[in-house]
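Peer 1: below are the sequence and a predicted model; questions follow.
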Amino acid sequence: MALSPSHIVQIAIPVRDLARAKRFYGETLGLTHLFDAPPGLAFYQCGEVRLMLSDSEAPPVGAGAVLYYSVPSAREAQRSLAAGGVAFAEDAHCLATVGGKEIWLAATSDGEGNRIGLMSEEAPA
């Protein structure tokens, strides 16, 4: 079943020095800092896209940038794709509550070694 994601909602950017990267993205580029999450993650808003800076101390997210696609429900997206044989590296789970909405993520691969995320922002149950 095709999901038809509406847009890219987040991009993970691996960094070697989180403090230096935060200065660049926050002070030099002037992006709005949203929040930090352990271990070693910082989130910034760039228009409609959220950037997730991930330092080398954080669990590896892949060899390069990771694209996170917006879907209505990460849990439903995982169920639908898993029913079609897609394996998931991370089951759908709530990452955080930001601005009164829960941020849900399920992570898989595109079959070419590139990790992708299916992300939804939902009202708390």
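Peer 2: Perfect, thanks for sending it. Numbers count the residues shown, from 1 in each chain.

Peer 1: what sits closest to Leu51 if chain neighbours are left out?
Peer 2: The shortest distance from Leu51 to any residue that is not its chain neighbour, by C-beta to C-beta, 6 or more residues apart in numbering, is 4.7 Å, and that residue is Tyr44. To be clear about C-beta, it is placed using only N, CA and C from the backbone, and glycine gets the same treatment.

Peer 1: look up phi and psi at the one you found.
Peer 2: Listed backbone geometry of Tyr44 is phi -130, psi 150, with angles given as degrees, to the nearest 10.

Peer 1: cool, the one 3 residues further on as well?
Peer 2: Gly47 adopts backbone torsions of phi 60, psi -120, taken as degrees, to the nearest 10.

Peer 1: and Ala107, that one's in a strand?
Peer 2: Yes: checked against DSSP: H, G, I helix; E, B strand; the rest coil, Ala107 lies within a strand.

Peer 1: residues in a beta bridge with it, which ones?
Peer 2: Here Ala107 sits in beta bridges with Glu90, Gly117, as judged by DSSP bridges.

Peer 1: got a list of what it touches?
Peer 2: Taking C-beta atoms under 8 Å, 6 or more residues apart in numbering as the contact definition, Ala107 lies against Phe88, Ala89, Glu90, Arg115, Ile116, Gly117, Leu118.
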